[in-house]
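>>> sequence first, then the predicted structure:
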Amino acid sequence: MSERLTRFFASRWGIILAGAAIGILAPLLQKAGNPPNMGICVACFERDIAGALGLHRAGVVQYIRPEIIGFVLGSLAAALLFREFKARAGSAPIVRFILGAFAMIGALTFLGCPWRALLRLAGGDLNAILGLAGLTFGVTIGVMFLKSGYNLGRSQRTYPAVGWIMPLLMIGLLLLLVFEVQFAEGGPVFFSKSGPGSLHAALWISLGAGLVIGFLAQRSRFCTMGSIRDVILMRDTHLISGVAALLVVAFATNLVLGQVKVGFDAQPVAHSNHLWNFMGMALAGLAFALAGGCPGRQLFLSGEGDGDAAVFVLGMITGAAFAHNFGLAGKADQVANGVLQVGGISNAGIVAVIIGLVVCLAIGFTMREKVATQPSPRVALRTEVE
Amino acid sequence: MAIQVDARGLSCPQPVILARRAFEAGEFPIEVWLDTVTSRENVRRAAERAGLRVQVETVGDEFRLTISR
């Protein structure tokens, strides 16, 4: 039975089911109180967690998002139930940390992770097209590195306790949220009184949705970056059928809920600075491709015992702190007295994205194993095979 | 003797890249060693897409995929 379920989730219908579930749940979470076109955003929600802990002090984006906790714990539950929990670590963790930090800086330039880019498009925000184009561009560069031998080396099997660290951190965050612990007058823990951070569905609804998505995504290996990578690298449309399902179902759900507003200008929590929407996601896409997964996938991997993915997640949370402390994050469009003020990013943000691209390119160029021009079948041969 | 590909400990998409490189070299059978169910399913799918036959064995908590034409 377990094996049959595993095969189902590995099939095209399995990945479509996962994408469709996210496509329904995200708009419903928005209806239940989450920010507009942000039913789920892994990058934004990790940024909110960074804010809640006081790692940055942008008062409008501070909340411990139960969806993120649910993703990790739902994945943990699926991995334990199907005997796939496997503690592993040691594949260039410092590189993964840096990739996570710059991925976040890129994503916050655009104001969203790949999931939110899809959800923004499903809500009619056409700026998301620039973001998705940038994402595809960044992943394409990553694929060129993969083809030329880039990899971060093998992870090692390790103590089960190592794999439990991320799930336990998430339980710690859940306790801070449930008991609204205050470490000093006014916080931390900080909870936004206004702005996107103050908009959220009820805790148990968010947590429940997160758990369901975490479970399904662990089983089906849902990954937005991987979907683009697989099409470019090997014309494999398996993962992208899940992404397409997300987009179509989210659009339909938004139509039913009256949450579609088509256009470029003054979209919720978004800016219409096309160049930097593109460039921000190009940086994020390249970093995700070099790290082997989109931010959602990294959370699901960290739930099934992957310590390297957990380090990427911590890198993202750290990157979010820098993005807001240093004023790097994108500023949303605003309408003041009927006049549109186009947002975008600061000069520091521009420099940060450029530095990020240079760092990612350097990682791609310097971390390659030599690939024989004549493909050798005896790749990565072990002398003894047990 | 089968061509050996050891993709244990490698993260996505390396196992599939290594396996495909071996398919393209054209010598069969190929034995691919993997240590996660994700890689097992990915390599299985890549092999089936290439029109190859796949036999999966579980060895402890690792997997050996024997791929032949």
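Now that the structure is in, tell me what you want to look at. Numbers count the residues shown, from 1 in each chain, chains lettered A, B, ... in the order given.
>>> from here on, just use CA atoms for contacts and neighbour counts.
OK.
>>> quick check: B:Val43 is in a helix.
Yes - with DSSP: H, G, I helix; E, B strand; the rest coil as the criterion, B:Val43 is part of a helix.
>>> does residue 22 belong to a helix or a strand, and which?
Answering for chain A, as no chain was given. Using DSSP states H and E, A:Ile22 sits in helix A:12-31.
>>> wrong one, chain B
Using DSSP H and E, the element containing B:Ala22 is helix B:14-25.
>>> next, the buried residues of that helix.
B:Gln14, B:Pro15, B:Val16, B:Ile17, B:Leu18, B:Ala19, B:Arg20, B:Arg21, B:Ala22, B:Phe23 (16 or more other Cα atoms under 10 Å in any protein chain shown).
>>> ok, the second one touching B:Val43?
Yes - under the criterion of Cα atoms under 8 Å, B:Pro15 lies in contact with B:Val43, with a separation of 7.0 Å.
>>> what's next to stretch A:287-295, contact-wise?
Residues from elsewhere that reach stretch A:287-295 (Cα atoms under 8 Å, 6 or more residues apart in numbering or on different chains): A:42-43, A:96, A:99-100, A:102-103, A:113-114, A:138-139, A:142-143, A:146, A:151, A:223-226, A:229, A:312-313, A:360, A:364, B:11-13.
>>> also stretch B:47-55?
With Cα under 8 Å, 6+ apart, stretch B:47-55 has contacts from B:Arg20, B:Arg44, B:Leu65, B:Thr66, B:Ile67, B:Ser68, B:Arg69.
>>> quick one, helices of the stretch 151-300 of chain A?
Under the criterion DSSP state H, counting those that start in this stretch, the stretch 151-300 of chain A carries helices at the ranges A:160-178, A:203-220, A:224-234, A:238-257, A:274-291, A:295-303.
>>> next, format the ones you listed as CSV and append mean neighbour count and mean pLDDT.
Below are these laid out as CSV (neighbours: other Cα atoms under 10 Å in any protein chain shown; pLDDT from 0 to 100):
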stretch, mean neighbour count, mean pLDDT
helix A:160-178, 17, 98
helix A:203-220, 24, 98
helix A:224-234, 21, 96
helix A:238-257, 22, 98
helix A:274-291, 29, 98
helix A:295-303, 29, 98
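>>> now distance to A:Ser11 too, for those, in a markdown table please.
Listed next are those as a markdown table, based on distance: least, Cα to Cα, whole Å:
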| stretch | distance to A:Ser11 |
| --- | --- |
| helix A:160-178 | 27 |
| helix A:203-220 | 8 |
| helix A:224-234 | 14 |
| helix A:238-257 | 8 |
| helix A:274-291 | 23 |
| helix A:295-303 | 18 |
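>>> ranges for the strands of chain B?
With strands called from DSSP state E, chain B shows them at B:3-6, B:30-34, B:53-59, B:62-68.
>>> ranking these by burial, who's on top?
Most buried of the strands of chain B, by mean neighbour count (mean count of other Cα atoms under 10 Å in any protein chain shown): strand B:30-34, with a mean of 24.
>>> chain A versus the most far-flung residue of chain B relative to its centre, what's the distance?
In terms of distance from the mean C-alpha position of chain B, B:Gly60 ranks first, at 16.7 Å (Cα atoms, centre = their mean). Taking Cα to the nearest Cα, to the nearest Å as the measure, B:Gly60 falls 11 Å from chain A.
>>> A:Gly163 and A:Arg88, how far apart?
A:Gly163 sits 7 Å away from A:Arg88, going by Cα to Cα, to the nearest Å.
>>> okay, and the common contacts of those two?
A:Gly305, A:Asp306, A:Gly307.
>>> and the nearest residue to the first one once chain neighbours are set aside, what does it touch?
Nearest in space to A:Gly305, with sequence neighbours left out and distances taken as Cα to Cα, 6 or more residues apart in numbering or on different chains, is A:Gly163 at 3.8 Å. A:Gly163 sits next to A:Lys86, A:Ala87, A:Arg88, A:Ser302, A:Gly303, A:Glu304, A:Gly305, A:Asp306, A:Gly307 when contact means Cα under 8 Å, 6+ apart.
>>> repeat that for A:Gly356.
A:Phe102, A:Gly106, A:Leu283.
>>> and the residues you listed, which is closest to A:Ala329?
A:Gly106 (8.4 Å; Cα to Cα).
>>> which residues touch that closest one?
A:Met279, A:Gly280, A:Met281, A:Ala282, A:Leu283, A:Ala284, A:Val353, A:Gly356.
>>> quick one: the third one from chain B, how far?
Shown here: A:Met281 relative to chain B, a distance of 21 Å by Cα to the nearest Cα.
>>> can you check the fifth one too?
Relative to chain B, A:Leu283 is positioned 20 Å away (criterion: Cα to the nearest Cα).
>>> then the fourth one?
Counting by Cα to the nearest Cα, the gap between A:Ala282 and chain B amounts to 20 Å.
>>> do the same with A:Asp125
For A:Asp125, the distance to chain B - Cα to the nearest Cα - is 31 Å.
>>> before we move on, back to that, separation between the residue nearest to A:Gly305 and A:His271?
38 Å.
>>> same question, A:Ala362
A:Ala362 is 29 Å from A:His271, by Cα to Cα.
>>> related to what we said a few turns ago, mean pLDDT and distance to A:Leu118 added to the strands of chain B, as CSV?
Formatted as CSV, the strands of chain B follow (pLDDT from 0 to 100; distance: least, Cα to Cα, whole Å):
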stretch, mean pLDDT, distance to A:Leu118
strand B:3-6, 94, 36
strand B:30-34, 96, 33
strand B:53-59, 95, 35
strand B:62-68, 96, 35
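>>> got JSON lines for the ones you listed, with distance to A:Ile24 too?
Shown next, in JSON lines, are the strands of chain B (distance: least, Cα to Cα, whole Å):
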{"stretch": "strand B:3-6", "distance to A:Ile24": "40"}
{"stretch": "strand B:30-34", "distance to A:Ile24": "34"}
{"stretch": "strand B:53-59", "distance to A:Ile24": "36"}
{"stretch": "strand B:62-68", "distance to A:Ile24": "36"}
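>>> how about the ones you listed, which one is nearest A:Ala321?
Per Cα to Cα, nearest to A:Ala321 of these: strand B:30-34, 37.1 Å.
>>> what residues does chain B have near chain A?
Within reach of chain A by Cα under 8 Å from any Cα of the partner chain, chain B has these residues: B:3-14, B:18, B:21-25, B:27, B:36-38, B:41.
>>> what do you get if the cut-off is 7 Å, keeping everything else the same?
By Cα under 7 Å from any Cα of the partner chain, the residues of chain B that approach chain A are B:3-6, B:9-12, B:18, B:21-22, B:25, B:41.
>>> mind checking how far the residue positioned nearest the centre of chain B is from B:Phe23?
By Cα atoms, centre = their mean, chain B has its centre lying nearest to B:Val32, at 3.7 Å. Using Cα to Cα, we find B:Val32 at a distance of 11 Å from B:Phe23.
>>> what's the answer for A:Ala332, then?
49 Å.
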